[in-house]
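Asker: let's see this in three dimensions:
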Amino acid sequence: SLPPKDYAQFQTSMVTDYLGMEESSVTQYQQTMEQISEQLAENQLGWSDRPEEPAEMREWFEKRREFEEASSQYLLDAIPADHQESYAATFGERPLSGGMRDMMRGMRTILRPSSANQ
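Answerer: Now for the predicted structure:
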């Protein structure tokens, strides 16, 4: 799992390049993503922190979901108004979870050489 700053940089470049955001907006989004990434790490809510025990896992997922819902609003607020619609359409209401993973899966499909599909 990437250190919070690297994770934030990776997510930021992926999202802001995709949306074609201007430099000043990119900086604001990255700062927000860095804060969220640091909090994820501090609260041990990153995917590599998932517990093995089923009972603990349920509680962990619940905390992670609550964190995602709160953080997703901060991320949306860091997106300029003229990009919010396309951002929501691409990444969904919870960009830290489903939308981001779906997009990464889609990008991998696009980037994979056609021979791999045969």
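Asker: for Asn43, what are its contacts?
Answerer: Contacts here follow C-beta atoms under 8 Å, 6 or more residues apart in numbering; on that basis Asn43 touches 63, 67. From N, CA and C alone the C-beta is placed, and that goes for glycine too.
Asker: again, only this time at 10 Å
Answerer: 49, 63-64, 67 (C-beta atoms under 10 Å, 6 or more residues apart in numbering).
Asker: which elements pack onto the helix ranked longest in the chain?
Answerer: Using DSSP state H to define each element, the chain has its longest helix at helix 54-77. Helix 54-77 is packed against helix 23-42, helix 81-91, with contacts defined by 3 or more C-beta pairs under 10 Å, 6 or more residues apart in numbering; DSSP states H and E.
Asker: of all the ones you listed, which lies closest to Leu75?
Answerer: helix 23-42 (6.0 Å; C-beta to C-beta).
Asker: got the angle between that closest one and helix 54-77?
Answerer: 160 degrees (axes from the mean of the first three to the mean of the last three C-alpha atoms, to 10 degrees).
Asker: in the chain, where is pLDDT below threshold?
Answerer: For the chain, the stretches with pLDDT under 70 are 1, 93-118.
Asker: which ones are touching the closest residue in space to Val26 that isn't next to it in sequence?
Answerer: Spatial nearest neighbour of Val26, excluding adjacent residues (C-beta to C-beta, 6 or more residues apart in numbering): Thr16 at 4.5 Å. Thr16 makes contact with 22-23, 25-30, 33, 79, 83, 87, according to C-beta under 10 Å, 6+ apart.
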